[in-house]
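**Student:** Need the 3D shape of this:
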Amino acid sequence: METTGYFDRFGGRYVAEVLRRPLEELGIAFAEATGDRAFMELLEGLRRDFIGRPTPLLFAENASRELGGARIYVKMEGLAHTGAHKINNAIGQALLAKRMGKTRIIAETGAGQHGLATASACARLGLECTVYMGEVDVRRQQPNVAAMELYGAKVVPVTSGSRTLKDAINEAMRDWAASFADTHYLIGSALGPAPFPDMVREFQSVIGSETREQIAERGLSVEALVACVGGGSNAIGFFSPFIDAASPRLIGAEAGGIGPGPGENAARMTGTAASDGIIHGYKSRFLTDEDGQVAETRSISAGLDYPGIGPQLAALGESGRIEFTAVRDREALEALRFFARTEGVIFALESAHAGAAAMALAPTLPKDRAIVVNMSGRGDKDIFITSPVFRPADWTGFLRAELARLESGEEIHVFGGRE
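**Tutor:** I've put the predicted structure just below:
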């Protein structure tokens, strides 16, 4: 697969000399593997039997009726194994790493879904796994941390900087620079130095390919595809088969946080706060301060607070092929509750940003048109964030009762010798 590593002026490979050879070798291995029928058949088998593909395309009939206007369909990536789209890329890269003779995988994670998917893929393929996660995200995503450790992964809390995703990436990069002989860095989003943006798009494009087939099978007249955008792996995979066509519209929902001011959001493609920069080994649009340092960001969703955006998405946004909109925290929460009530589906907070964008768009369109929303993940992981918002008194009481129970020693120490 030939690639320059650039998308217009974005992308590239801006890394220390020590990483140039590993990246070149990775690019060659990726091209060879994706051109090898045996590798692709093995990957397809894992997609079917391990991930559970294809994922359904759900007609959100009740939501569509209540909103009026266009019919809304939901691509149910939350039904994939581990609960989100992240497993598509994780199993692809892990399989590639094993083909290259690597025995150890490292990864970064924000919301925890990529770390969870990576840990699961490594357990399945017999690879050692270390996941770097910002201390802030470790605290607010404990269910995913517990699951990663259950899969056998070592979770390393990162205490530097803002203690979120960008800092986890920094630590993973440092590790890889010292260990690439036997280690593969499994980047979770469509960013980083080439060939990572191309690799992630390729492994996630299964979402868009399935969606295109499902649209054709149902004869839908689709006005728009809508996806949330942090770094951008679910969006670029979802949009990939449609990029070179004139339609449908491609809409990316990024984190509007609590407001438009500095440090209040993670909006890179809307507003005027972002600028071109080179961070984490690639050139793209980043939120930076007056000194050119990475700025603080804010989002209720741990997966959307990254200060940059994948280079291909940045280029497509500037060209106008992708329309970007900023969705506030409260709008995402409203969308999460709306789809849960009308369709019995709980979106991840990240995906709820896309749901909110679809809710705003649907009433403006005729009823013979359709909107497809990528529900990139389900909301089980967000219980420690959403419960204090939706039911604060009950949640506080539950936590106090659990703490009292643990402090009393009431829990059963099955592995500690007391049955």
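**Student:** where exactly do the strands run in the protein?
**Tutor:** Using DSSP state E, the strands of the chain run over residues 6-7, 10-11, 57-59, 71-76, 104-109, 128-134, 154-158, 183-185, 222-228, 249-257, 274-279, 282-287, 322-328, 370-375.
**Student:** Which strands or helices does the first one pack on?
**Tutor:** Where contact means 3 or more C-beta pairs under 8 Å, 6 or more residues apart in numbering; DSSP states H and E, strand 6-7 is packed against helix 311-319. Where C-beta positions appear, they are placed from N, C-alpha and C, glycine not excepted.
**Student:** in the helix it packs on, what counts as buried?
**Tutor:** Neighbour counts using 16 or more other C-beta atoms under 10 Å place Pro311, Gln312, Leu313, Ala314, Ala315, Leu316, Gly317 of helix 311-319 among the buried residues.
**Student:** cool, and stretch 125-139?
**Tutor:** By 16+ other C-beta under 10 Å, the buried positions in stretch 125-139 come out as Leu125, Leu127, Cys129, Thr130, Val131, Tyr132, Met133, Gly134, Glu135, Val136, Asp137, Val138.
**Student:** try stretch 292-306
**Tutor:** Buried, per 16+ other C-beta under 10 Å, within stretch 292-306: 294-306.
**Student:** Tell me how far Ser247 lies from Leu225.
**Tutor:** Noted for Ser247: a distance of 10 Å to Leu225, by C-beta to C-beta, to the nearest Å.
**Student:** Check Arg53 too.
**Tutor:** 18 Å.
**Student:** More neighbours: which of these two?
**Tutor:** Higher neighbour count among Arg53 and Leu225: Leu225, with 29 against 19, using other C-beta atoms under 10 Å.
**Student:** so what's that one bridging to?
**Tutor:** Using DSSP bridges, the bridge partners assigned to Leu225 are Leu250, Val372.
**Student:** Contact partners for it?
**Tutor:** Counting by C-beta atoms under 8 Å, 6 or more residues apart in numbering, Leu225 touches Thr211, Phe238, Phe239, Phe242, Pro248, Arg249, Leu250, Ile251, Ile371, Val372, Asn374.
**Student:** Model confidence score at it, please.
**Tutor:** The per-residue pLDDT reported for Leu225 equals 98.
**Student:** from memory Asp137 sits against His114, does it?
**Tutor:** No - at 11.0 Å, Asp137 and His114 do not qualify as touching, with contact defined as C-beta atoms under 8 Å.
**Student:** Look up the pLDDT of Glu2 for me, please.
**Tutor:** Predicted confidence (pLDDT) for Glu2: 46.
**Student:** Now for Phe180, how many residues are close by?
**Tutor:** Neighbourhood size, Phe180 [other C-beta under 10 Å]: 19.
**Student:** when you give positions from now on, start the count at 106
**Tutor:** All right, first residue 106 from here; so that's Phe285.
**Student:** How much space separates it from Gly415?
**Tutor:** Computed as C-beta to C-beta, the Phe285 to Gly415 distance reads 22 Å.
**Student:** Check His458 too.
**Tutor:** Distance, His458 to Gly415, using C-beta to C-beta: 16 Å.
**Student:** do the same with Met253
**Tutor:** Using C-beta to C-beta, Met253 is found at 24 Å from Gly415.
**Student:** Tell me which of those two has more neighbours.
**Tutor:** More crowded of Met253 and Gly415, by other C-beta under 10 Å: Gly415, with 30 against 27.
**Student:** wait, that one sits on Leu296?
**Tutor:** Yes - between Gly415 and Leu296 a contact is recorded at 4.5 Å, counting by C-beta under 8 Å.
**Student:** between the two, what contacts are shared?
**Tutor:** Common neighbours of Gly415 and Leu296 (criterion: C-beta under 8 Å, 6+ apart): Pro302, Val305, Gly336, Gly337, Ser389.
**Student:** ok, residues contacting the helix or strand bottoming out on mean pLDDT in the chain?
**Tutor:** The least trusted helix or strand in the chain, going by mean pLDDT, DSSP states H and E, turns out to be helix 240-245, with a mean of 86. Contact with helix 240-245 is made by 214-217, 250, 260, 262-264, 267-270, 273, 407, 489-490, as judged by C-beta under 8 Å, 6+ apart.
**Student:** For this protein, which residues score under the pLDDT cut-off?
**Tutor:** Applying pLDDT under 70 to the chain flags residues 106-108, 515-524.
**Student:** ok, back up a step: need the buried residues of stretch 397-411 in JSON lines (columns: distance to Phe135).
**Tutor:** JSON lines is the format used below for the buried residues of stretch 397-411 (distance: C-beta to C-beta, whole Å):
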{"residue": "Val399", "distance to Phe135": "28"}
{"residue": "Ala400", "distance to Phe135": "32"}
{"residue": "Glu401", "distance to Phe135": "34"}
{"residue": "Thr402", "distance to Phe135": "30"}
{"residue": "Arg403", "distance to Phe135": "35"}
{"residue": "Ser404", "distance to Phe135": "31"}
{"residue": "Ile405", "distance to Phe135": "35"}
{"residue": "Ser406", "distance to Phe135": "30"}
{"residue": "Ala407", "distance to Phe135": "28"}
{"residue": "Gly408", "distance to Phe135": "24"}
{"residue": "Leu409", "distance to Phe135": "27"}
{"residue": "Asp410", "distance to Phe135": "29"}
{"residue": "Tyr411", "distance to Phe135": "23"}
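**Student:** and which of those residues is nearest Leu511?
**Tutor:** Nearest to Leu511 out of those is Ala407 (C-beta to C-beta; 24.7 Å).
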